[in-house]
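Novice: Here you go, sequence then predicted model.
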Amino acid sequence: MSDNLVLEAKSVSKFFGTITALQNVDLHLNKGEVLGVVGDNGAGKSTLMKVLSGLYKPSEGSLFFDKEKVTLNSPRDSQNLGLEMVYQDLALAGNLPIGDNIFLGREPTRKVGPFNFLDHKKRKQLTEEHLAKLKINVKSADQKVEELSGGQRQAVAIARATAFNAKIVLMDEPTAALAVKEVGKVLDLILNLKKLGVSVIVISHRMDDIFTVCDRVMALFQGTNFAESELKNTSRDEVIGWIMGKKD
Amino acid sequence: MDHGEKRLMDKNQESLFVRLIPFFERYGILLLILIMIAVLHLLQPDVFLSWRNVTNIFKQVSWQSMLALGVFMVIVTAGIDLSVGSIIMLSLMGLAIASKAGMPWYVVMLVAPAIGFLCGMFNGIGITLLRMPHPFIMTLGTLYIFRGIGNLISGGVPITGFAEQIRVIGNGKIKLDVFFGEGAREYIPTSLILMIVIFFIFWVFLNHTRIGKWIYAIGGNPGAARAAGINVDRILIVVYTLCGFLAGIGGLILAGRTNSAYPNAGLQSELDAIAAVIIGGASFFGGRGTVLGVFAGVMIMGILRNGLNLMNVSVFWQQVLIGSIIILAVYIDVLRRQLATRT
Ligand SMILES: Nc1ncnc2c1ncn2[C@@H]1O[C@H](COP(=O)(O)OP(=O)(O)OP(=O)(O)O)[C@@H](O)[C@H]1O
Ligand SMILES: [Mg+2]
């Protein structure tokens, strides 16, 4: 198992002033594995993901990508290591079109003399191809994100995280805003990523999500590791108990 | 005609109307300019569209447009720069002192943009690294600081008389003898050419480069920009520095136009710049607006002032009118948005 380790966090703590959001949290993720992270509101799930993506710097502890210790100074660093994240608050710019959001920070360009200009045509083409591949229905790739429904926005955020052949994808409550049919699509997508050998971490409050896609589940409680198990060795009732801080 | 056909026709009419909305959104402001020109031409048929008057308008707006363009970029990031009027004065004073010190003209010429650049960078660094809670506060401070320094280095008195090479930029004329015959009085102001070139460069920058895209993204959602790995602070420093740089160019143009540096140069011109940007359709909350819109906003302010002057309307009434136009322009924008998102 440890031969396949792609991502590891050791003893990570994160403080916001007087608030302790995470205290000595450990996490590991294997190649092609889907890990579910559960916990009550405010348990520190999102904070842990943001530490892994480089948006937050851990106050203490260290991160390992492919067993090598790394320091992430920005999400750009984790992207370069093959990690993408779907943020809970979506992190899209509503004033920009879908395609601009998917490629934000990594826009295709073309060289004209010494200058690099945006390649609008290529971005549009890549966007349309990618949306078609994920079976995401929108009027046009040029539609502004603020004109989309909540579910469509969620789809764009996921499209953004899967457009660059990531090795690791983190999804913070990817199904929270979705109708039943859309939830199914997201879960299918996660299983698809797994088939491709991509490692996924999913945060969800829905037991259906966890028990459909995950190989393993870990629970955080008030910023600490609380429990963890292979999915086959646990039950919904037990996991729900963990979320509420109950363990036999 | 039966019911079905009639419904179809209604639908076609509606869709024509709906299809016109984006057209107005994009070109409505140019339509407004055309209407203003037509009205003023009817009121002042001999003067308003004369070569002399039109070039006058362009010479007047050329330095103001530099401020507006810089402030526009800042407003796109959901920021504000109140200090541009003081930057223009400080860079003008710096230029005058360099000129009086007998430096060669090509050095003198660089002084104003260089000072503007540094002032803008100072704003940008203050806003990002010092974690000022809002750009309003930092640039309100530098509004006083920069003008104060300008008066300190000049002793608070005007400095006049610059080399011919300096004056060319704000006051130069490109003769049109080729078209109008030997010795014709028609000409194109150098500053107009400079303005068009700079607006074009910044249009390319904002619409066709990655940094330009990031500037809009920061205005739309700085959190999203950060999550996308964009160094938001660095981009903001670039934006404020460019804004100061443009104000410095404005100072250079003004030097040529007035042939003098004076303590009140650019006083309150930051407000004119903000007004032009808002009239031009940019959102004060960031992320929205176009370079063409800024150009239109600057022209509307310029044409309005010029027209009112021609008709001998008192300065006091001009103030009332310009203020009303700002409110009206934004109100039309509110109505338009309601129309676009009608249910
Ligand atoms: N930027 C921040 N500044 C200060 N405190 C924060 C910040 N982000 C998170 N916190 C605090 O850290 C704790 C953990 O928050 P986090 O968002 O990680 O919870 P979560 O497990 O994702 O909850 P939810 O299920 O509601 O999304 C909370 O007490 C929260 O108030
Ligand atoms: Mg969360």
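Specialist: Yep, that arrived. Ligands and ions are numbered 1, 2, ... in the order given.
Novice: When you work out contacts or count neighbours from here on, use the C-alpha atoms and nothing else.
Specialist: Fine.
Novice: is it true that B:Leu242 touches B:Gly70?
Specialist: Yes - using CA atoms under 8 Å, B:Leu242 is in contact with B:Gly70, at 6.7 Å.
Novice: how about low-confidence regions in chain A?
Specialist: A:1-2 (pLDDT under 70).
Novice: just the helices in the stretch 1-150 of chain B please.
Specialist: Ranges of helices in the stretch 1-150 of chain B, per DSSP state H, counting those that start in this stretch, are B:3-43, B:51-76, B:84-100, B:105-128, B:135-154.
Novice: Straight-line length of stretch A:130-140, end to end?
Specialist: 12 Å (CA to CA, to the nearest Å).
Novice: ok, the one residue sitting closest to the centre of chain A - contacts?
Specialist: Centroid-nearest residue in chain A: A:Leu170, 2.0 Å away (criterion: CA atoms, centre = their mean). Going by CA atoms under 8 Å, 6 or more residues apart in numbering or on different chains, A:Leu170 touches A:Met49, A:Leu83, A:Glu84, A:Met85, A:Val86, A:Val200, A:Ile201, A:Val202.
Novice: go on, B:Ile169?
Specialist: B:Thr190, B:Ser191, B:Leu194, B:Leu252, B:Ile253, B:Gly256.
Novice: mind putting the helices of the stretch 1-150 of chain B in TSV, distance to A:Ile190 included?
Specialist: Converted to TSV, the helices of the stretch 1-150 of chain B look like this (distance: least, CA to CA, whole Å):
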stretch	distance to A:Ile190
helix B:3-43	39
helix B:51-76	37
helix B:84-100	52
helix B:105-128	39
helix B:135-154	43
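Novice: any idea which of those helices is most buried?
Specialist: Mean neighbour count, computed with mean count of other CA atoms under 10 Å in any protein chain shown, is highest for helix B:84-100 among the helices of the stretch 1-150 of chain B, reaching a mean of 29.
Novice: ok, and what's touching the helix or strand encompassing A:Trp242?
Specialist: Counting by DSSP states H and E, the element that carries A:Trp242 is helix A:236-243. In this structure, residues lying in contact with helix A:236-243 by CA under 8 Å, 6+ apart are A:Val38, A:Gly39, A:Asp40, A:Met207, A:Phe211, A:Ala219, A:Leu220, A:Phe221, A:Phe226, A:Ala227, A:Lys247.
Novice: burial measure for the last one, as a count.
Specialist: The one in question is A:Lys247. Applying other CA atoms under 10 Å in any protein chain shown, we find 11 residues neighbouring A:Lys247.
Novice: Just give me the neighbour total for the residue lying closest to it once chain neighbours are set aside.
Specialist: The shortest distance from A:Lys247 to any non-neighbouring residue, by CA to CA, 6 or more residues apart in numbering or on different chains, is to A:Gly241 (6.7 Å). Neighbours of A:Gly241 under the rule other CA under 10 Å: 15.
Novice: Could you tell me how far A:Gly241 is located from A:Met207?
Specialist: Taken as CA to CA, the span from A:Gly241 to A:Met207 is 12 Å.
Novice: Please report phi then psi for A:Pro58.
Specialist: The phi and psi torsions at A:Pro58 (degrees, to the nearest 10) take the values phi -70, psi 140.
Novice: Please verify my assumption that it contacts A:Ser13.
Specialist: Yes - applying CA under 8 Å, one finds A:Pro58 in contact with A:Ser13, separated by 6.0 Å.
Novice: Nearest to chain A, out of the helices of the stretch 1-150 of chain B?
Specialist: helix B:51-76 (10.9 Å; CA to the nearest CA).
Novice: re the thing from before, that's a helix at the residue nearest to the centre of chain A, yeah?
Specialist: No - per DSSP: H, G, I helix; E, B strand; the rest coil, A:Leu170 lies outside any helix segment and is strand.
Novice: Close to chain B: what parts of chain A are there?
Specialist: For chain A, the residues in contact with chain B (CA under 8 Å from any CA of the partner chain) are A:55, A:74-77, A:90-96, A:104-105, A:107, A:116-118.
Novice: buried subset of those residues?
Specialist: A:55, A:74-77, A:90-96, A:104-105, A:107, A:117-118 (16 or more other CA atoms under 10 Å in any protein chain shown).
Novice: Give me the below-cutoff pLDDT ranges for the stretch 201-343 of chain B.
Specialist: Scanning the stretch 201-343 of chain B for pLDDT under 70 picks out B:340-343.
Novice: Mind naming the longest helix for chain A?
Specialist: Using DSSP state H to define each element, chain A has its longest helix at helix A:180-195.
Novice: Provide the contact partners of it at residue level.
Specialist: Contacts of helix A:180-195 (CA under 8 Å, 6+ apart): A:Gly32, A:Glu33, A:Val34, A:Leu134, A:Gly151, A:Pro174, A:Thr175, A:Ser199, A:Val200, A:Asp209, A:Thr212, A:Val213.
Novice: Please repeat the previous calculation with a cut-off of 10 Å.
Specialist: Outside helix A:180-195, the residues that touch it by CA atoms under 10 Å, 6 or more residues apart in numbering or on different chains are A:31-34, A:134-136, A:151-152, A:154-155, A:158, A:162, A:165-169, A:171, A:174-178, A:196-202, A:208-210, A:212-214.
Novice: got the buried residues for it?
Specialist: Neighbour-count burial for helix A:180-195, with 16+ other CA under 10 Å as criterion, is recorded at A:Glu182, A:Val183, A:Lys185, A:Val186, A:Leu187, A:Leu189, A:Ile190, A:Leu191, A:Leu193, A:Lys194.
Novice: Show me which of those residues is closest to A:Asp3.
Specialist: A:Lys194 (17.4 Å; CA to CA).
Novice: what's the distance between the closest one and A:Ile98?
Specialist: 25 Å.
Novice: try B:Val39
Specialist: B:Val39 is 42 Å from A:Ile98, by CA to CA.
Novice: try B:Val277
Specialist: For B:Val277, the distance to A:Ile98 - CA to CA - is 26 Å.
Novice: Ok, A:Asp215 next?
Specialist: Taken as CA to CA, the span from A:Asp215 to A:Ile98 is 32 Å.
Novice: In terms of neighbours, single out the busier of these two.
Specialist: A direct count of neighbours by other CA under 10 Å for A:Asp215 and A:Ile98 places A:Ile98 higher, at 32 against 16.
Novice: Surely the more buried one and A:Arg153 touch.
Specialist: Yes - the pair A:Ile98 / A:Arg153 is scored as a contact, 8.8 Å apart, by CA atoms under 10 Å.
Novice: Give me the common contacts of these two.
Specialist: Joint contacts of A:Ile98 and A:Arg153 (CA under 10 Å, 6+ apart) are A:Leu92, A:Val145, A:Glu146, A:Glu147, A:Ala159.
Novice: Which residue, neighbours along the chain excluded, lies closest to the fourth one?
Specialist: Right, the one you point to is A:Glu147. In space, A:Glu147 is closest to A:Gly94, 7.9 Å off (CA to CA, 6+ apart).
Novice: Just give the number of residues close to the residue in chain B positioned nearest to ligand 1.
Specialist: Nearest residue of chain B to ligand 1: B:Gly223, at 11.3 Å (CA to the nearest ligand atom). Taking other CA under 10 Å as the criterion, the count of residues near B:Gly223 is 19.
Novice: Against B:Phe48, how distant is it?
Specialist: Taking CA to CA, one finds B:Gly223 at 49 Å from B:Phe48.
Novice: Same question for B:Trp317.
Specialist: For B:Trp317, the distance to B:Phe48 - CA to CA - is 20 Å.
Novice: out of the two, which sits in the busier spot?
Specialist: Between B:Trp317 and B:Phe48, counted using other CA under 10 Å, the more crowded position is B:Phe48 (22 against 11).
Novice: buried set for the helix or strand hosting B:Val334?
Specialist: Secondary structure assigned from DSSP H and E places B:Val334 in helix B:315-340. Across helix B:315-340, burial judged by 16+ other CA under 10 Å covers B:Ile322, B:Ile325, B:Ile326, B:Ala329, B:Val330, B:Asp333, B:Arg336.
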